[in-house]
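Peer 1: predicted model and sequence follow; I will ask about them next.
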Amino acid sequence: MARKYALEQFRNIGIIAHIDAGKTTTTERILFYTGKTHKIGSVDDGTTVTDWMDQERERGITIVSAAVSAVWKRHLINVIDTPGHIDFTAEVQRSLRVLDGGVVVFDAVQGVEPQSETVWRQADLYKVPRICFVNKMDRVGAAFERTVEMIHERLGANVIAIQVAIGEEDQFKGVVDLITRKAFIWEDHEGTAPVEMEIPEDLKEQVESARTAMVEVIAETDEVLTNKFLEEQEISEEELKSALRAAVISNELTPVLCGSSLISTGVQPLLDAVIDYLPSPLDIPPVEGNDPKTGEILIRKPDDSEPLSGLVFKIVTDPYVGRLAYIRIYSGEIEQGTTVSNSSKGKRERIGRLIRMYADRREDITKAGAGDIAAVLGLKNSFTGDTLCEIGSPIILENISFPDPVIMVAIEPKTTADQDKLATALQKLSEEDPTFQVRVDGDTGQTLISGMGELHLEVLVDRMLREFKVQARVGRPRVAYKESITRPVEKVDYRHVKQSGGHGQFGHVVLNLEPAKAGSGIVFEEVIRGGSIPREYIPAVQKGVMAAAESGVIAGYPVTDIKVTLVDGSFHDVDSSDLAFKMAGSMAFRQGVQKGRPVLQEPIMKVEVIIPEDFLGDIIGQINSRRGDVQGMDAHPGGTQGIRAMVPLAEMFGYTTELRSATKGRGAFTMEFDHYSKVSEELSKKIVGGE
């Protein structure tokens, strides 16, 4: 079947930003102008296409990333609207992993906000080319140039404004395109096309100055244009667009546009910029993967004739059709009714139905090719991060990394009838969300669920009630502490010997333990020489170590940031087994942790509090009283101050109420996980005693 759109006409983009910057409103306008919807939805009214969950419409925030497809000027744009709240950062992470470009939305009043920095770093991690859209230009305190400067200073981005705003605040009515020297105004807010007009007299000098600066920056990225600029030759619009496109794709430059999505101003030029400057699947480097058997690096080009390679980046439990797996296809084609290989699991999967998603609506398709984003129904063993490929042409693509949960609560069914339903609901939700983890406490038998924040867990518990009809009792939130060691321990010698008639069990290991760098988890290495432990038993030792690390020696919290080296041991020809060496590895590790002067570690949050200046002293006192460390302060528009601080998560429970009370309801704060830090001995005793 011939493609309706050539690969160069594809744009796979994500709309990313801090919460409340206007991502969903911008997406809604994109869908309206591309003819996908015939009425503009409102976040406040709960009528948007991409915020389709009940929880999203009630709270007015995006919780899950939603994929929609639209057509603009003969180009197919696959748009993913991502959440802005830090609790749902995994949705942004996995979306950026599979997208070719991004539109980063900023609030023209607030500028660069804490979550703006987080999503920008995530985009840097995956080298995603992006353009910026400074939204809410019609609001009091909006300032385009100040926001552009903040993006440059706080994000280290090489940004370049390619528009000049016509008016600001309530006088904002349009933009001047610096490349074409054309001015556009929007005469009403009903979604009509902009009116082209002459550049206003009072802006002509500013436009020419800004254009000269823009041309110089673009010319610096292209040798031919540099010479033209130095020789004061005219550089054509086509040359500027071509050079800027190349610079955006190589992440040398980031163009900045402005508008106000709420009053439907500036969105059409943003769509044009997506087509003009963001990459198609052909513009990004071919995807790299590894041969699952040899580890050899393999390349897959974005071509339908190449062997199939695709990454499962999202699992959704759909109440109507069942378990959906979202997949980004990098090469080859995937067809309904065929069988493919899940190279990550070494299993085969049958493609039941192939679906193009439109937020929560579905359109059946028979085939999808390179560059496509589609959903597959019927996969049994495929989860987030798994690679689907052609049988006979195995490849494993780079997985998606996710942050560890920082908060946990105990959960239990209200009635016996809810028992089985709860287990099913927890399993399905943990399959969907890699940052939602479920475990049973070995000492108390309680089921503990962990997530990225109070809102994250609140939404998941709400979904259990509504989608899975599970009535559950939830305990108070608890901090997800971790345990580690503070000094190296050498030659922890443990023999596991058990004799009970017939074959016994014998496993003998010698381990070295040492503190590892923060965030490294448990690193296992072996330096066995001379066959003192046969190779086939070494994986069992590693399994024992990993199992023991799930529960520490101080208070049963997971153990992390330790390098474990298997240095020696011995075996018995008859009595040795995998089980014996697993037990030996587990017990040796626990003994080593006890000797390594173990400590508790707690999550430290990066907090930003926005308050009126009058309350500055009181709020700094509040932060200090919560063991916070103030890092700095920034002046914000409208006589407000931003306080940046590092505060332990344990001290942030209930802070919303205290802050509102102290600031007469005018204060707000955001926080995100930053790092784990050692807990003092005195506090550690309180934590262990209290729990």
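Peer 2: Done, it's in. Because the structure is a prediction, the values reported are computed rather than measured. Numbers count the residues shown, from 1 in each chain.
Peer 1: quick check: mean pLDDT across the host helix or strand of Ile151?
Peer 2: Assigned by DSSP states H and E, Ile151 belongs to helix 144-155. In this model, helix 144-155 has a mean pLDDT of 90.
Peer 1: ditto for stretch 115-134
Peer 2: Averaging pLDDT along stretch 115-134 yields 85.
Peer 1: what do you get for stretch 611-629?
Peer 2: 90.
Peer 1: report the distance from it to the chain centre.
Peer 2: 30 Å (CA atoms, centre = their mean, to the nearest Å).
Peer 1: make 48 the first number, not 1, from now on.
Peer 2: Shifting the count to begin at 48 puts that one at stretch 658-676.
Peer 1: buried residues in it?
Peer 2: Residues of stretch 658-676 classed as buried: 658-659, 662, 666-667, 669-670, 673, 675 (neighbour count, 16 or more other CB atoms under 10 Å). For glycine as for every other residue, the C-beta is placed from the backbone atoms N, C-alpha and C.
Peer 1: how about Gly568, nearest residue that isn't a chain neighbour?
Peer 2: Leaving aside its chain neighbours, Gly568 sits nearest to Thr607 (5.5 Å; criterion: CB to CB, 6 or more residues apart in numbering).
Peer 1: number of residues surrounding the one you found?
Peer 2: 19 (other CB atoms under 10 Å).
Peer 1: next one: Ser708
Peer 2: Neighbours around Ser708, by other CB under 10 Å: 10.
Peer 1: one more: the one 3 residues further on?
Peer 2: Counted by other CB under 10 Å, the residues lying close to Lys711 total 10.
Peer 1: what about it, which helix or strand?
Peer 2: Using DSSP H and E, Lys711 falls outside every helix and strand.
Peer 1: give me the phi and psi for it.
Peer 2: phi 60, psi 40 (degrees, to the nearest 10).
Peer 1: just to revisit the earlier point, I'd say the residue nearest to Gly568 and Glu530 touch.
Peer 2: Yes. Counting by CB atoms under 8 Å, Thr607 touches Glu530, with 7.4 Å between them.
Peer 1: between these two, what contacts are shared?
Peer 2: Common contact partners of Thr607 and Glu530 (CB atoms under 8 Å, 6 or more residues apart in numbering): Gln648.
Peer 1: how about the nearest residue to Ser116 once chain neighbours are set aside, what does it touch?
Peer 2: Leaving out its chain neighbours, the residue that sits closest to Ser116 by CB to CB, 6+ apart is Asn125, at 5.3 Å. Contacts for Asn125 (CB under 8 Å, 6+ apart) come out as 57-60, 114-116, 419-420.
Peer 1: Asn125 bridge partners, please.
Peer 2: Using DSSP bridges, the bridge partners assigned to Asn125 are Asn59, Ser116.
Peer 1: now do it against Ile420, distance only.
Peer 2: Remark: distance between Asn125 and Ile420 (CB to CB, to the nearest Å) = 5 Å.
Peer 1: which residues are in contact with both of these two?
Peer 2: Common neighbours of Asn125 and Ile420 (CB under 8 Å, 6+ apart) are 59, 114.
Peer 1: still on that earlier bit, now secondary structure and distance to Leu504 too, for the buried residues of stretch 658-676, in a markdown table please.
Peer 2: Output for those, formatted as a markdown table (DSSP: H, G, I helix; E, B strand; the rest coil; distance: CB to CB, whole Å):
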| residue | secondary structure | distance to Leu504 |
| --- | --- | --- |
| Ile658 | strand | 27 |
| Pro659 | strand | 31 |
| Phe662 | helix | 30 |
| Ile666 | helix | 27 |
| Ile667 | helix | 30 |
| Gln669 | helix | 25 |
| Ile670 | helix | 24 |
| Arg673 | coil | 21 |
| Gly675 | coil | 23 |
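Peer 1: closest one of the residues you listed to Leu358?
Peer 2: Taking CB to CB as the measure, Leu358 sits nearest to Gly675 out of those, at 39.8 Å.
Peer 1: can you count the residues close to the residue nearest to the closest one when sequence neighbours are not counted?
Peer 2: Closest residue to Gly675 apart from its sequence neighbours, by CB to CB, 6+ apart: Val694 at 3.9 Å. A count of neighbours around Val694, defined by other CB under 10 Å, yields 24.
Peer 1: same question, the one 4 residues further on
Peer 2: When neighbours are defined as other CB under 10 Å, Glu698 has 18 of them.
Peer 1: to which secondary structure element is Gly342 assigned?
Peer 2: Gly342 belongs to no helix or strand, assigned by DSSP H and E.
Peer 1: that one and Arg510, how far apart?
Peer 2: 40 Å.
Peer 1: on that earlier part again, on contacts alone, who are the packing partners of the helix holding Ile198?
Peer 2: Where contact means 3 or more CB pairs under 8 Å, 6 or more residues apart in numbering; DSSP states H and E, helix 191-202 is packed against helix 161-172, strand 177-182, strand 206-208, strand 301-305.
Peer 1: of these, which is nearest Glu437?
Peer 2: Using CB to CB, the helices and strands packed on helix 191-202 put helix 161-172 closest to Glu437, at 28.5 Å.
Peer 1: in the closest one, which residues are buried?
Peer 2: Result for helix 161-172 [16+ other CB under 10 Å]: buried residues 161-167, 169-170.
Peer 1: report all helices and strands that that helix contacts.
Peer 2: strand 57-64, helix 136-145, strand 148-154, helix 191-202, strand 715-725.
Peer 1: partner strands of the last one and their direction?
Peer 2: Strand 715-725 has its sheet partners listed here by DSSP bridges as strand 645-659 (antiparallel).
Peer 1: output the strand it pairs with in CSV with nothing but the alpha carbons.
Peer 2: Taking C-alpha atoms only, strand 645-659 is exported to CSV below (Å, rounded to 0.1, in the frame of the first residue of the first chain):
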residue,chain,number,x,y,z
PRO,A,645,25.2,1.6,57.0
VAL,A,646,23.3,4.8,56.9
LEU,A,647,19.8,5.9,55.9
GLN,A,648,19.5,8.2,52.9
GLU,A,649,16.5,10.5,52.2
PRO,A,650,15.3,12.2,49.0
ILE,A,651,16.1,15.9,48.8
MET,A,652,13.7,18.0,46.7
LYS,A,653,14.5,21.0,44.7
VAL,A,654,11.9,23.5,45.8
GLU,A,655,10.9,26.9,44.3
VAL,A,656,8.5,29.0,46.3
ILE,A,657,6.8,32.1,44.6
ILE,A,658,5.5,34.7,47.1
PRO,A,659,4.8,38.4,47.4
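Peer 1: buried residues, it. List them.
Peer 2: 645-659.
Peer 1: so how far is the first residue of stretch 706-714 from its last?
Peer 2: In stretch 706-714, first residue to last residue: 6 Å (CA to CA, to the nearest Å).
Peer 1: so how far is that stretch from its chain's centroid?
Peer 2: On CA atoms, centre = their mean, the centre of stretch 706-714 falls 31 Å from the chain's centre.
Peer 1: residues in contact with it?
Peer 2: Against stretch 706-714 from outside (CB under 8 Å, 6+ apart): 656-659, 662, 665-666, 669, 715-716.
Peer 1: for His619, see how far away the residue most central in space within the chain is.
Peer 2: The chain has Gln140 as the residue nearest its centroid, 2.0 Å off, counting by CA atoms, centre = their mean. Going from Gln140 to His619 by CB to CB gives 47 Å.
Peer 1: low-confidence ranges in the protein?
Peer 2: Within the chain, the segments meeting pLDDT under 70 span 48-50, 83-113, 128-138, 236-238, 365-368, 404-408, 489-491, 547-549, 684-685, 737-738.
Peer 1: could you identify the longest helix within it?
Peer 2: In the chain, with assignment by DSSP state H, the single longest helix is helix 625-642.
Peer 1: quick one: contacts for the residue lying closest to Glu215 once chain neighbours are set aside?
Peer 2: Nearest residue to Glu215 in three dimensions, chain neighbours excluded: Ala189, at 5.5 Å (CB to CB, 6+ apart). By CB under 8 Å, 6+ apart, the residues touching Ala189 are 155-156, 183, 215-216, 219.
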